[in-house]
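Novice: Dropping a prediction and its sequence here:
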Amino acid sequence: MKDMVQLLIDVQELDQRIFSARHKKTTLLKERDQLLQQTDALQELLGQLDDRIAEAQTQRDSCQEALQQQLGQVEQCEGRLPEIKTQKEYLAVLKEVDAAKKQVKDLEDALLAKEQVLSELQADAEEKRQQHDSLGSDSSQRCNEIATLVEELDAALHQQDSQRGELIEKIAVPLRKRYELILSRLNGQALVEAREGTCQGCHMRLPPQFFNAMLKNRDITSCPHCNRLLYIAPETH
Ligand SMILES: [Zn+2]
């Protein structure tokens, strides 16, 4: 029975390593996905900004065009002034000139505002583009590191899995089945030590009679509280 206890301890140790390697792999893959998502999100944002810039440019251009037209209008009105014969007509055209100039002023203000909007959008896009570029190069570097680490973990896992296959073969089938069942339920720790009357898995006290029987028989048994397999460490008397 002592050999069997040691064998189970070895399997358990191996399972802990397998469990932690799998966990590491999952964490790394999650990190990689997050990095890719961040770059994608920034890329999408840049696309939206580019659309808004194009729209702002169109608006600025049409405002500029309207301004040019209005300036032509002022010039045309003023050109008519020297040919005017009557005072009444003169005043009417002057009034027209004033109105056209007022519109020029409004359009100049509007143009300024549109140029302001455009330059803010362009500055924002430039900043995001730089962020995207630096994030992109950092993240592709990290993704390469992750790929290497995952490859190493896969190789280790492959080796550990075959090592485990060899060990588990040597454990009697009913015990093996119990072990595997608890392992799948309790995520990585199916075998624990019973030390000083306490289960080291759930840290509950074992009934004294139960623990004394364990000390005497040195058998593998189940914790009455958490159902994990219990053993007495081979080195203690
Ligand atoms: Zn327990």
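Specialist: Looks like it came in fine.
Novice: Chain neighbours aside, what residue packs nearest to Arg80?
Specialist: Of all residues not flanking Arg80 in the chain, Val93 sits nearest, at 5.6 Å (Cβ to Cβ, 6 or more residues apart in numbering). Placement of C-beta: from N, CA and C, glycine included.
Novice: And the average pLDDT for the host helix or strand of Ser20 is what?
Specialist: Take DSSP states H and E as the rule and Ser20 turns out to sit in helix 2-80. In this model, helix 2-80 has an average pLDDT of 94.
Novice: Who are the packing partners of it?
Specialist: helix 87-169, helix 173-186, strand 191-195, strand 229-231 (3 or more Cβ pairs under 8 Å, 6 or more residues apart in numbering; DSSP states H and E).
Novice: ok, the last one: who's next to it in the sheet?
Specialist: In the sheet containing strand 229-231, the strands it pairs with under DSSP bridges are strand 191-195 (parallel), strand 221-222 (antiparallel).
Novice: touching the ion at all, the last one?
Specialist: No: judged by Cβ under 5 Å from the ion, strand 221-222 stays clear of the ion, getting no closer than 8.6 Å.
Novice: Which residues does that strand contact?
Specialist: Arg178, Phe210, Met214, Arg228, Leu229, Leu230 (Cβ atoms under 8 Å, 6 or more residues apart in numbering).
Novice: Just the buried residues from the residues you listed, in PyMOL please.
Specialist: Listed next is the PyMOL selection for buried residues among the contacts of strand 221-222, using 16 or more other Cβ atoms under 10 Å:
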select buried, resi 178+214+228+229+230
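Novice: Max pairwise distance over the contacts of strand 221-222: which two?
Specialist: Within the contacts of strand 221-222, two members stand farthest from each other by Cβ to Cβ: Arg178 and Phe210, at 17.4 Å.
Novice: Can you give me every residue that contacts Ala100?
Specialist: By Cβ under 8 Å, 6+ apart, Ala100 lies in contact with Gln70, Gln73, Val74, Cys77.
Novice: Now do the contacts for the last one.
Specialist: What that stands for is Cys77. Val93, Glu96, Val97, Ala100.
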